[in-house]
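In: pasted the sequence and its predicted model underneath.
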Amino acid sequence: MTMNKIIDKAINELPPQKDVAAWVEINTQHLSHNVQFIRAKIGPERQIMAVVKANAYGHGAVEIATYLLNSGVQHLAVATVEEGLELRKAGIKAPILLLNSILPEQISKLLDYQLTPTIYTVAFAEKVSIEAKQRGAELPIHLRLDLASNGLGMLPDQAVYQIKQISRLPHLLIEGIYTHLVSAYRQDAKQVAEDIQSFENVLSSCREELQARGVPIFRHVASSPSILNYPSAYYDLVRAGTCLYGLPSFVNQDGLLLKPVMSVKSRVCDIQYIEKGEMRGYYYSVFPESKVRVATLPIGYSHIPFLLLLKKPQVLIGGQKASAFGPANMSHLFVDVTHLPETRIGDEVVLLGAQGNEKLYAQDIIAETDLDISRCESICFISESIPRFFVK
């Protein structure tokens, strides 16, 4: 089955039936909206690199990558060799950049599967050059600068020398040069400007080496927060991650700009009553002051890890919010529905997403945890045991 048929089949599946206890919905209309929004921001002349690492932030790497490529995205980025192999084995042929460092033992797989590595040391570049020479092949590479002193990339005061050394190595094609603009996540405009200037200084000092082979170099600096706020960071292509999936990446991001792509849903599988003063729970004590009506959901922190971070998770039932009766268990969540007398076994429950006029988006959940908003995508890391449905 071709990839187009795979994604068409996924998108055209019927909504989950009554025998599905818990599921994830991926809204392809929202994904299209976000792609179009990004395209309008950056203009037609620039390219988009979709970041689909970590199983496309939990959304389904193969399906999401295929859909995005069919929507005009030109490049993909993943974290690891293994993630790149998954896409290649699924028949995806678009350029794939590896954002993480890799082991020397994995170099052969770069050539076998045409994966583009990120390189930021001369020593590793030499190893890749030797392997490519033995294969009689030329391997595209991207160089990474470190402007935030977080340990991944060439420091600006060393980068010019390192780039000149790497540019002289045979069988390597410098296809791109980039950095991760961490200052954009803090919305520090002054530091953003300084970081971009540092990037420009390196480009200017290495212009001859970067253009030596007459091949256009992709310069990329902007990830999601820069796409939204800093046009000066656009350059030749942008790396779209959280904004593709409708997730915020900085405090006070306008929630109307992008549309959340993922929803997590379950069903009420049981309803019981807990009498006044009755204790329930493993390592906690719950003594209700009056009789409580409790709905049981067949989904817990083994399915949805973010439930572990919440002292009192909330869900949506019948278009209204309901709070958990104590912390989540590994496989179940118990919800107080005393104020929702119409709740019945089989009713749909939303743990992430919208229902009626209410919503529980990733940023709402993050606000109830100790997580920073820049880690908002972690809310979407849902167990693979929960089926994904791609819906229009």
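Out: Thanks, I have the structure now.

In: ok, now how distant is the closest residue in space to residue 135 that isn't next to it in sequence from residue 35?
Out: Excluding its sequence neighbours, the residue lying closest to residue 135 (Cβ to Cβ, 6 or more residues apart in numbering) is residue 111, at 5.3 Å. (Each C-beta comes from the backbone N, C-alpha and C, glycine too.) Distance, residue 111 to residue 35, using Cβ to Cβ, to the nearest Å: 31 Å.

In: and for residue 273?
Out: Taking Cβ to Cβ, one finds residue 273 at 48 Å from residue 35.

In: likewise for residue 147?
Out: Using Cβ to Cβ, residue 147 is found at 27 Å from residue 35.

In: what about these two, which has more around it?
Out: Comparing residue 147 with residue 35 by neighbour count (other Cβ atoms under 10 Å), the higher total belongs to residue 147, at 26 against 20.

In: residues contacting that one?
Out: Residue 147 is in contact with 153, 156, 179-183, 195, 198-199, counting by Cβ atoms under 8 Å, 6 or more residues apart in numbering.

In: tell me who's in contact with residue 80.
Out: 53, 98, 100, 102.

In: one more time with 10 Å
Out: 53-54, 86, 98-102, 106, 115 (Cβ atoms under 10 Å, 6 or more residues apart in numbering).

In: just the buried members of the residues you listed?
Out: 53-54, 86, 98-99, 101-102, 106, 115 (16 or more other Cβ atoms under 10 Å).

In: out of the residues you listed, which sit inside helices?
Out: Of those, the ones assigned to helices by DSSP state H are 53-54, 86.

In: out of these, flag the one nearest to residue 299.
Out: In terms of Cβ to Cβ, no member of those lies closer to residue 299 than residue 54, at 20.7 Å.

In: surely that closest one touches residue 375?
Out: No. Counting by Cβ atoms under 10 Å, residue 375 is not a contact partner of residue 54; they are 11.9 Å apart.

In: now residue 250: how far from residue 103?
Out: Applying Cβ to Cβ, the value for residue 250 to residue 103 is 33 Å.

In: what about the two, which has more around it?
Out: Neighbour totals were compared for residue 250 and residue 103, and residue 250 leads with 18 against 9 (other Cβ under 10 Å).

In: tell me who's in contact with that one.
Out: With Cβ under 10 Å, 6+ apart, residue 250 has these contacts: 184-187, 224-225, 228-229, 242, 372-374, 376.

In: now tabulate those in JSON lines and tack on secondary structure and pLDDT.
Out: Converted to JSON lines, the contacts of residue 250 look like this (DSSP: H, G, I helix; E, B strand; the rest coil; pLDDT from 0 to 100):
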{"residue": "184", "secondary structure": "helix", "pLDDT": "90"}
{"residue": "185", "secondary structure": "coil", "pLDDT": "88"}
{"residue": "186", "secondary structure": "coil", "pLDDT": "88"}
{"residue": "187", "secondary structure": "coil", "pLDDT": "89"}
{"residue": "224", "secondary structure": "helix", "pLDDT": "94"}
{"residue": "225", "secondary structure": "helix", "pLDDT": "93"}
{"residue": "228", "secondary structure": "helix", "pLDDT": "93"}
{"residue": "229", "secondary structure": "helix", "pLDDT": "93"}
{"residue": "242", "secondary structure": "helix", "pLDDT": "95"}
{"residue": "372", "secondary structure": "coil", "pLDDT": "86"}
{"residue": "373", "secondary structure": "helix", "pLDDT": "86"}
{"residue": "374", "secondary structure": "helix", "pLDDT": "83"}
{"residue": "376", "secondary structure": "helix", "pLDDT": "89"}
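
In: kindly reformat these as CSV containing neighbour count and distance to residue 31.
Out: Listed next are these as CSV, based on neighbours: other Cβ atoms under 10 Å; distance: Cβ to Cβ, whole Å:
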residue, neighbour count, distance to residue 31
184, 26, 23
185, 20, 23
186, 13, 27
187, 16, 25
224, 27, 14
225, 25, 19
228, 23, 17
229, 17, 22
242, 27, 13
372, 12, 25
373, 18, 21
374, 18, 21
376, 22, 17
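
In: closest to residue 74 out of these?
Out: Closest to residue 74 out of these is residue 224 (17.3 Å), distances taken as Cβ to Cβ.

In: wait, isn't that closest one in contact with residue 180?
Out: No. Using Cβ under 10 Å, residue 224 is not in contact with residue 180; the gap is 11.1 Å.

In: list residues touching both of those two?
Out: Shared contacts of residue 224 and residue 180, defined by Cβ under 10 Å, 6+ apart, are found at residue 239.

In: so, low pLDDT: which residues of the stretch 101-250 of the chain?
Out: 149-150, 212-215 (pLDDT under 70).

In: which helix runs longest in this protein?
Out: Identified as the longest helix of the chain according to DSSP H is helix 189-205.

In: confidence score at residue 253?
Out: Per-residue pLDDT puts residue 253 at 77.

In: which element is it on?
Out: Per DSSP states H and E, residue 253 falls between elements, in no helix or strand.
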